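Student: Fold the following and give me the result.
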Amino acid sequence: MPRNRPEFIFNVVVAERNPGKRRDENMTSPENASIAEIDLFVMGDDGPETVRLGDLIRGKRAVIFTVPGAFTPTCHNEHMPGFIRNSEAIRAHGVDEIICVTVNDPFVADAWARATDAASAGIRVLADPGAELTRALGIELNAPAVGLLDRAHRCSMLVEDGRIQGLYREDNPGVCEVSSGESLLDHLSGAAA
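Tutor: Numbers count the residues shown, from 1 in each chain. Reported below is the predicted structural model:
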């Protein structure tokens, strides 16, 4: 895919990072693609609990970011920390929920949430163990050379009342630029300008 050019995938925009560009130059409207009614998982007091993503974000402005896997180097050292650092500034743009979705079981997702202290920044970490949301969005990633099969591409997205307004996907799962917390904040700041 050529750099710095949006591409539609299943009515969801994929945009390359282009530093210095404002929202209107870097993100095309994704025709209000809807988040599928997918059940994800979170660890509750008595074990794994089902969370219907649509119910969680209905009537809200949400930021969702997807990662190939908890504890993987880029996810653990760059992607999650960027959203933790920028969570207050993101919320200042009217965002009600910040959600991380990882293609792991709920036990691993919970351990990662605790290890990163995501809850202190108000970030919910949800497990997509069967990659159902990942497939519904068309963001599947397979990297057998590093043991990552049926995972999610690294993405971030802005969702309003369950409808995707923009999705930013990395071409390389080891890079965190287009989908970073800083980049998403830039898009939100551009939208407010």
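Student: Look up how far Arg85 lies from Arg61.
Tutor: Going from Arg61 to Arg85 by Cβ to Cβ, to the nearest Å gives 20 Å. Backbone N, C-alpha and C define where each C-beta goes, glycine included.
Student: Provide the secondary structure category for the residue nearest to Asp117 when sequence neighbours are not counted.
Tutor: Spatial nearest neighbour of Asp117, excluding adjacent residues (Cβ to Cβ, 6 or more residues apart in numbering): Ile84 at 7.4 Å. Here Ile84 is helix, with the state taken from DSSP: H, G, I helix; E, B strand; the rest coil.
Student: Assign Glu177 to helix, strand or coil.
Tutor: Per three-state DSSP, Glu177 ends up coil.
Student: for the protein, where's the lowest mean pLDDT among helices and strands?
Tutor: strand 7-9 (a mean of 31; mean pLDDT, DSSP states H and E).
Student: hmm, back to that, quick one, what contacts the residue nearest to Asp117?
Tutor: 116-118, 120-121, 123, 181 (Cβ atoms under 8 Å, 6 or more residues apart in numbering).
Student: In stretch 85-97, which residues are buried?
Tutor: 86-87, 90-91, 93, 95, 97 (16 or more other Cβ atoms under 10 Å).
Student: Okay, and Val42 sits in which element?
Tutor: strand 39-44 (DSSP states H and E).
Student: how far out from the middle of the chain is stretch 110-124?
Tutor: 15 Å (Cα atoms, centre = their mean, to the nearest Å).
Student: so where's this structure uncertain?
Tutor: 1-34, 36, 142, 144, 146-149, 191-193 (pLDDT under 70).
Student: mind listing what's buried in stretch 116-125?
Tutor: 116, 118, 121, 123-125.
Student: Mark which of those residues are part of strands, please.
Tutor: 123-125 (DSSP state E).
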